[in-house]
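Chemist: Got a predicted structure here, sequence first:
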Amino acid sequence: MRFLLVVLLSLGLLFRFAHLDRKVYWYDEAFTSLRAAGYTEADVVQHFAASEVVSVQELQQFQQPTSDRGLSATIQSLAVEDTQHPPLYYAIAHVWIHWVGSSVAAYRLLPALFSLLSLPAVYWLSQELFVKTGAFASALPGWVAVGLWAISPFQVIYAQESRQYSLWGTVTLVMTAVFLRALRTQTYLSWLLYAFSVTLSLYTFLLSGLVVMAHGIYLLLESGFPLLKSRITRRWMAYLIASCTGLMLFLPWLWLLVTNLSQAQSVTDWTNNQQSWPRLVLTWASIVGRVFYDRGELLIDRLVQIGVLLLVAYAFYSLWRSTARQVWLMVLVLTLTPILPLMLADLALGGLRSTFPRYFIPSLLGIQLAVVYLVSQMIQARRGWGNGRLLMAAVCCAGLVSCLASFSAPTWWQKTLNQENWAVAQVINSAARPLLISDAETGDLLALSHALKPGVQLLLRPTCYTCSTQTVDDPGTLLAEVNQLSQGLDSDFFSDMYFFHPRSSKQWRQAFKQFLKNNPDLKLASIPVKDQKNNELLWRIVNK
């Protein structure tokens, strides 16, 4: 077991820290860079609104630290344009890039380190949940948890994502472990630490409130709805005081969110897109299956994921049958409470809030803990010793195969936008003296800049997504400038000119076609690179 654990930890380190800059740097990660550097999207849009041709470096400067953009600028950027994202991770990232640098690898190194911290955190939680409660006499569940966490494809993928999700997962583990310890020891210090962890969690991600609620539901159900039992009353009072203290410390940001609610709703309006309930259920099943196996979309991959779902179901059954109420209830509540409100909202009101795996993070932690218990139980049982080792090997092999599949891939499923950026950049970078012209969204342009060679020149009129700056979804004005520039194709300025616009709306495509129809002397040839909706996104201006 010790040798296997060393191997799994070594592989986990490799998968987290190698090839940090291999996968495409996408839209959401670009906004992390923008906020960490202390800029708003409005800064970018206004800067390029009337600019002439610029270099790639001039676009990238909005993702790099400067001495005149301090921590307050990062917090202000979020408060004005992205209030639904609390500032803790971005504040840490701001300090980080001043010390380490602002390359893609540097930005992703930070979440990889937070993911690494999840290993001792899950060991601690396993000790509190399984050992301190008497379910196990040894530390076996903790070591099994560390091994499975190390090569969990879900954990590895988000370890290399320059967002707050690996931090959220780690803080959730710590907060739950502190909660269980506080219930067990009933000391002022333990409840003070719980209040502090609640504050950290809320300042990491808003949905942490559902995890705190899960802890309250657990305490309510575990105590059997007591009335006036003095011991239980003290536990309840301690929980309420600690959780309310954490919430009170979060009130400054909560106030900003409430006062800027219309902006937050506008930015997250995409979550209201309709999805049929069968599609929702299939998506939920796929997310759960990816915790242990995430190799691809082939039939064999789907069959393995079905096997994972059966394993998870049996793990919960075994947990319920074999452990005390205080053990299985914690795992069940941690799994259901954070995601169930999103699922019910999507079913009742429509939307796709519950279809994004990152929102499942606390729930998936609960699922992984259930499987940790099953594997540990089978290993510990004399009759099932061989079966337990076999199950451990099977789960590890599934994780290993999955991590190897994504290890060198240029992109993966969690990057829901910009997966085509490497192909776009390859076309542009192959030209001798290219000019890239675009009215795409700021996030798309910031993300693409990391794939372009320094010699590429840019003419940009970015479209704003999170700011109040008025931008029109019409390429006509920029295309008129392109029409003038195209007259110089035979000069020494540019060998090739490209026009870039991903995820074009129906309105934009109609305006695009109409402008070309009205200006027959402007010739654009589409490049065979398509976005996720199979729409054209890159055109080459043809020399006339």
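Modeler: Structure received.

Chemist: can you count the residues close to the closest residue to Leu479 other than its chain neighbours?
Modeler: Nearest residue to Leu479, sequence neighbours excluded (CB to CB, 6 or more residues apart in numbering): Phe515, at 5.1 Å. The way it works is simple: take the backbone N, C-alpha and C, and place the C-beta from them, glycine included. For Phe515, the neighbour count with other CB atoms under 10 Å is 20.

Chemist: Next: Ile367.
Modeler: 23.

Chemist: now do the one 4 residues further on
Modeler: Neighbouring residues of Val371 were enumerated by other CB under 10 Å; the total is 25.

Chemist: part of a helix, is it?
Modeler: Yes: counting by DSSP: H, G, I helix; E, B strand; the rest coil, Val371 is located in a helix.

Chemist: so who does it touch?
Modeler: Applying CB atoms under 8 Å, 6 or more residues apart in numbering, we find Val371 in contact with Leu148, Phe292, Leu311, Val312, Ala315, Val395.

Chemist: Count the neighbours of the fifth one for me.
Modeler: Under the neighbour criterion other CB under 10 Å, Ala315 is assigned a count of 22.

Chemist: now swap in the fourth one and tell me
Modeler: For Val312, the tally of surrounding residues (other CB under 10 Å) stands at 20.

Chemist: That one and Ile287: what is the separation?
Modeler: 11 Å (CB to CB, to the nearest Å).

Chemist: least trustworthy helix or strand in this protein by mean pLDDT?
Modeler: Within the chain, no helix or strand scores below helix 476-485, which has a mean of 72 by mean pLDDT, DSSP states H and E.

Chemist: next helix or strand past it?
Modeler: Using DSSP states H and E, the helix or strand that directly follows helix 476-485 along the chain is strand 496-500.

Chemist: Could you export that following strand as PDB, CA atoms only?
Modeler: In PDB, the C-alpha atoms belonging to strand 496-500 read as follows (Å, rounded to 0.1, in the frame of the first residue of the first chain):
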ATOM      1  CA  ASP A 496      -1.700  38.700 -45.100                       C
ATOM      2  CA  MET A 497      -4.800  40.200 -43.400                       C
ATOM      3  CA  TYR A 498      -7.200  38.100 -41.300                       C
ATOM      4  CA  PHE A 499     -10.600  38.900 -39.900                       C
ATOM      5  CA  PHE A 500     -11.500  37.100 -36.600                       C
END
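
Chemist: helices or strands next to that strand in the packing?
Modeler: Applying 3 or more CB pairs under 8 Å, 6 or more residues apart in numbering; DSSP states H and E, we find strand 496-500 packed against helix 421-429, strand 434-438, helix 476-485, strand 538-541.

Chemist: I'd like to know which of the ones you listed is closest to Phe48.
Modeler: Closest approach to Phe48 among the helices and strands packed on strand 496-500 is made by strand 434-438 (9.8 Å; CB to CB).

Chemist: Note down every partner strand of the closest one and its orientation.
Modeler: Neighbouring strands of strand 434-438 in its sheet, by DSSP bridges, are strand 457-460 (parallel), strand 496-500 (parallel).

Chemist: which outside residues touch the last one?
Modeler: The reference is to strand 496-500. Residues outside strand 496-500 that contact it (CB under 8 Å, 6+ apart) are 424, 427-428, 431-438, 440, 448, 479, 482, 485-486, 489, 524, 527, 537-541.

Chemist: redo that, cut-off 6 Å
Modeler: Contact with strand 496-500 is made by Ile428, Ala431, Pro434, Leu435, Leu436, Ile437, Ser438, Ala440, Leu538, Trp539, Arg540, Ile541, as judged by CB atoms under 6 Å, 6 or more residues apart in numbering.

Chemist: quick one: the helices in the stretch 201-350 of the chain?
Modeler: Using DSSP state H, counting those that start in this stretch, the helices assigned to the stretch 201-350 of the chain run over residues 208-222, 230-259, 261-267, 277-289, 299-322, 325-336, 340-349.

Chemist: nearest residue to His98 other than its sequence neighbours?
Modeler: Spatial nearest neighbour of His98, chain neighbours left out: Pro65 (4.8 Å); criterion: CB to CB, 6+ apart.

Chemist: Also Leu11?
Modeler: Leaving aside its sequence neighbours, Leu11 sits nearest to Ile151 (CB to CB, 6+ apart; 5.5 Å).

Chemist: and the gap between that neighbour and Lys523?
Modeler: From Ile151 to Lys523 the distance is 52 Å (CB to CB).

Chemist: Neighbour count for these two, which is higher?
Modeler: The residue with more neighbours, out of Ile151 and Lys523, is Ile151; 27 against 14, by other CB under 10 Å.

Chemist: can you pull the contacts of that one?
Modeler: Taking CB under 6 Å, 6+ apart, one finds Leu8, Leu11, Gly12, Gly399, Leu400, Cys403 in contact with Ile151.

Chemist: Using PDB, write out the CA atom coordinates for stretch 73-92.
Modeler: In PDB, the C-alpha atoms belonging to stretch 73-92 read as follows (Å, rounded to 0.1, in the frame of the first residue of the first chain):
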ATOM      1  CA  ALA A  73      -7.500  47.900  -8.600                       C
ATOM      2  CA  THR A  74      -8.100  44.200  -8.700                       C
ATOM      3  CA  ILE A  75     -10.900  44.400  -6.100                       C
ATOM      4  CA  GLN A  76     -12.400  47.400  -7.900                       C
ATOM      5  CA  SER A  77     -12.400  45.600 -11.200                       C
ATOM      6  CA  LEU A  78     -14.400  42.800  -9.700                       C
ATOM      7  CA  ALA A  79     -16.700  45.100  -7.800                       C
ATOM      8  CA  VAL A  80     -17.700  47.000 -10.900                       C
ATOM      9  CA  GLU A  81     -17.900  44.300 -13.500                       C
ATOM     10  CA  ASP A  82     -17.900  40.800 -11.900                       C
ATOM     11  CA  THR A  83     -19.400  41.100  -8.500                       C
ATOM     12  CA  GLN A  84     -20.600  37.500  -8.600                       C
ATOM     13  CA  HIS A  85     -17.000  36.500  -8.300                       C
ATOM     14  CA  PRO A  86     -15.700  37.200  -4.700                       C
ATOM     15  CA  PRO A  87     -12.200  38.600  -4.600                       C
ATOM     16  CA  LEU A  88     -10.100  36.200  -2.500                       C
ATOM     17  CA  TYR A  89      -8.600  34.100  -5.400                       C
ATOM     18  CA  TYR A  90      -8.000  37.200  -7.600                       C
ATOM     19  CA  ALA A  91      -6.300  39.000  -4.700                       C
ATOM     20  CA  ILE A  92      -4.000  36.100  -4.200                       C
END
